[in-house]
Structure formats: C-alpha cells, structure tokens
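Student: With the sequence up front, the predicted model follows.
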Amino acid sequence: MKMALRACLRTKPGLTALLSQLSCSGHAAARRAPALVAQRSSSSTSQKIKVDFDQSSGVAVMHMQSPPVNSLSLEFLTDVCIALEKLEMDKSCRGLVVTSSQPKVFSAGLDILDMYGKSPEHCAEFWKAVQEMWLKFYGSNMITIAAVNGSSPAGGCLLSMTCDYRIMADNPRYSIGLNETKLGIVAPFWFKDTMVNTVGHRATEMALQLGLLYSPAEALKIGLVDQLVHEDQVLTTATETMTKWLAIPGILNISYTCHFFHLWCCNLVCTICSCVCQVIAAKKIHLSQDF
Ligand SMILES: CCCCCCCC/C=C\CC(=O)SCCNC(=O)CCNC(=O)[C@H](O)C(C)(C)COP(=O)(O)OP(=O)(O)OC[C@H]1O[C@@H](n2cnc3c(N)ncnc32)[C@H](O)[C@@H]1OP(=O)(O)O
C-alpha cells in the first residue's frame, strides 16, 4: 500500500491532485524552506525533531523529542513534515528510521490538548497537518522503518503503520493499537485502511470495534509489528534491517508498486462508493422521518 501511494504520488498527476485535497502540501514548506544536507554525516535539529543523517549509508534517523510523550501537536506535526521534506529532497537519503527520544513512549498519538476547545481554523489546520504527515510517510520514496521503543497508541500507531517495517521493544508494559473507540472517537477511514493494509480486515475489525491496545507479543502475532527485540536493541536492529532493505534494487520496488497500486485504486473506488451509499442512506432516513 505504501508503495502504491508512492507510485501514485510519483506518476499519477490526477491522483496526486486528488490526494492533495487530503493533504495540505506546502503547509509545512510555507513556514520554513527545506535545505539540502551536504556533509558526509550531519545532524539537524528543530526543537522537537532531531535528524542524524549518515551520508555513507544513505540512512537518516529521525528522533522524536517532544516531551513528555511525543504527542502530535500542530507544531510537532509541522516539524516532522519539514524534516521529512528536507530528507525527501536529498536524493542521497534512501532510508529513514523513526524513533523516540522519550523514555517508554514512541508517540502518544494526536495531542488531545490541541484538539479540544480550539478555533475551527486551528482544528482545520491541525487536521490537515495530520493528513500531511500520513501522506508524506506513506508516500515516501525512502524505505522507512519505525523503531517503536515504547508505547504507541492511536496516532502513534498510525505513524508506525505508515512505515515499511516495524520493530518494537519487547517490553510487556508497552502497548500499541488504534484505541480511538475507547476514547469515544471513530477512527477516520484512512486510519482504518492503513490498518487493514497492515493486519488484514478481520484483525482490523476486532481492533477498531473494541479499541484494542496490544502488548508487543500480541502485536507481533497479528502482524501489527514485524519484529520484537530487547529494548536496548531497537535502534541498532532498525539500522541493520535497513541495510537489508536498501540492498534490494530500486527497480524491484517499483515493480511491486504496480501490484499494490492496483489494489489501492480498487480500495479508493470502494471507499467512494461506500461514501455515496452512506449519503443516500442518510437522505432516505431523513425523508422517512418527514412522513
Ligand atoms: C481537529 C480534531 C479532529 C478530531 C478527529 C480525531 C480523529 C482521530 C482520533 C484520534 C487519534 C488520536 O491519536 S487521539 C490520542 C489518543 N492517545 C491516547 O489515548 C494516549 C493517551 N496516553 C497514554 O496512554 C499514556 O500517556 C502513554 C501510554 C502514552 C504514556 O504513559 P505514561 O504513564 O508514561 O505517561 P502519562 O500518562 O503520565 O502522561 C504524561 C503526560 O503526557 C500527557 N499526555 C499523554 N498522552 C497525551 C496526548 N495524546 N495528548 C496530550 N497529552 C498527553 C499526560 O496528560 C501527562 O501530562 P501531565 O504530566 O501534564 O499530567
């Protein structure tokens, strides 16, 4: 799925336009212009994001450092998108590992304080930034690996699912999943679709209906994460795994892209049909209430 989006963003202008309605491309760029990373090994830091780029391997590590729990506020999301844009523009950067500098937490998901009691304008900008993060990670040309070194509920789980591979710390105190239902929120369809693409329909149905948070062992069992390692090994395993992924010639990547692109298109058509059906059903209910 990620590869499908990647292809579509690269090659299908029509769909790019469609997707850009979901995103706020330029939203991040408008605030700060991206810069190319020129040194052999470099480190760039915003207040909430630190990026270490090793040019010899072509791999960057993005450390999320927004205390206390890397909650995804508008400011944080903007910093993430800017950092990602910069790396994407540097063609020597082929792989990205995302991890957390905060103890025990990868990301607590959307910043609840940034969603509550704010102006409609702020909410719109915030929501666009969430979509932009999702699109940028899912559509990235880089191989992306989530080094999930702590709990990762809701939007944190979404972030990890937009990556090509997930390695989680094997600590039963940590959990991961889309728990929106438990918060009285319906997860948007693209949260759901991202999970379906990761763990399949039935597991997603159970997860979303019940708002399940999984232990690392349970997450591995359903395929929500790909590998468990000792807490101290998460980042090193991620960089080792990246070497294997980058050894695959890019052309094969593109070939798989075509298969997944087909699936993604089918899914999009189904989603549009389902939205139309929902509108018709809602109108029918409304009409029947009039009589
Ligand atoms: C524009 C509106 C659009 C609306 C559409 C919404 C559709 C999508 C819906 C949801 C997506 C989401 O991501 S909602 C967020 C869901 N997140 C959670 O449920 C996580 C809640 N947090 C936790 O479970 C835990 O905090 C933790 C496991 C992440 C860490 O536990 P720990 O014990 O280490 O830390 P504390 O619980 O003591 O927390 C420390 C500190 O952080 C604050 N905190 C935690 N989570 C959030 C958050 N998501 N946003 C903001 N702040 C958060 C917590 O309150 C503590 O603060 P204080 O120290 O000040 O008390």
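Tutor: Yes, it's here.
Student: Hmm, T241 and V59 touching each other?
Tutor: No: V59 is beyond contact range of T241, at 10.5 Å (criterion: C-beta atoms under 8 Å). Every residue, glycine included, has its C-beta placed from N, CA and C.
Student: out of everything not next to it in sequence, what's closest to M133?
Tutor: L77 (5.2 Å; C-beta to C-beta, 6 or more residues apart in numbering).
Student: Following element in sequence after the helix or strand of the chain with the lowest mean pLDDT, please.
Tutor: Here the helix or strand of the chain ranked lowest by mean pLDDT, DSSP states H and E is helix 13-22, holding a mean of 39. Per DSSP states H and E, helix 13-22 leads on to strand 41-45 as the next helix or strand towards the C-terminus.
Student: other SSEs contacting that following strand?
Tutor: Here strand 41-45 touches strand 49-54, going by 3 or more C-beta pairs under 8 Å, 6 or more residues apart in numbering; DSSP states H and E.
Student: The strand it packs on versus strand 41-45: what angle between them?
Tutor: Put simply, strand 49-54 runs at 170 degrees to strand 41-45, going by axes from the mean of the first three to the mean of the last three C-alpha atoms, to 10 degrees.
Student: Just checking: what are the partner strands of strand 49-54?
Tutor: Using DSSP bridges, strand 49-54 pairs in its sheet with strand 41-45 (antiparallel), strand 59-64 (antiparallel).
Student: quick one: which of those strands is nearest the ligand?
Tutor: Ranking the strands paired with strand 49-54 by proximity to the ligand (C-beta to the nearest ligand atom) places strand 59-64 first, at 12.5 Å.
Student: Could I get the average pLDDT for the very next helix or strand once past the closest one?
Tutor: Using DSSP H and E, the next helix or strand after strand 59-64 towards the C-terminus is helix 74-89. Averaged over helix 74-89, pLDDT sits at 96.
Student: about what we covered before: packed most tightly, which of the strands paired with strand 49-54 would that be?
Tutor: Of the strands paired with strand 49-54, the one with the most neighbours on average (mean count of other C-beta atoms under 10 Å) is strand 59-64, at a mean of 23.
Student: which ones are touching the residue of the stretch 1-150 of the chain found nearest the ligand?
Tutor: As assessed by C-beta to the nearest ligand atom, the ligand sits closest to G109 within the stretch 1-150 of the chain, at 2.7 Å. When contacts are counted by C-beta atoms under 8 Å, 6 or more residues apart in numbering, G109 is found next to S71, L72, S152, P153, A154, G155, G156, C157, L158.
Student: one step back: which one of the strands paired with strand 49-54 has the poorest average confidence?
Tutor: Among those, strand 41-45 scores lowest, with a mean of 77.
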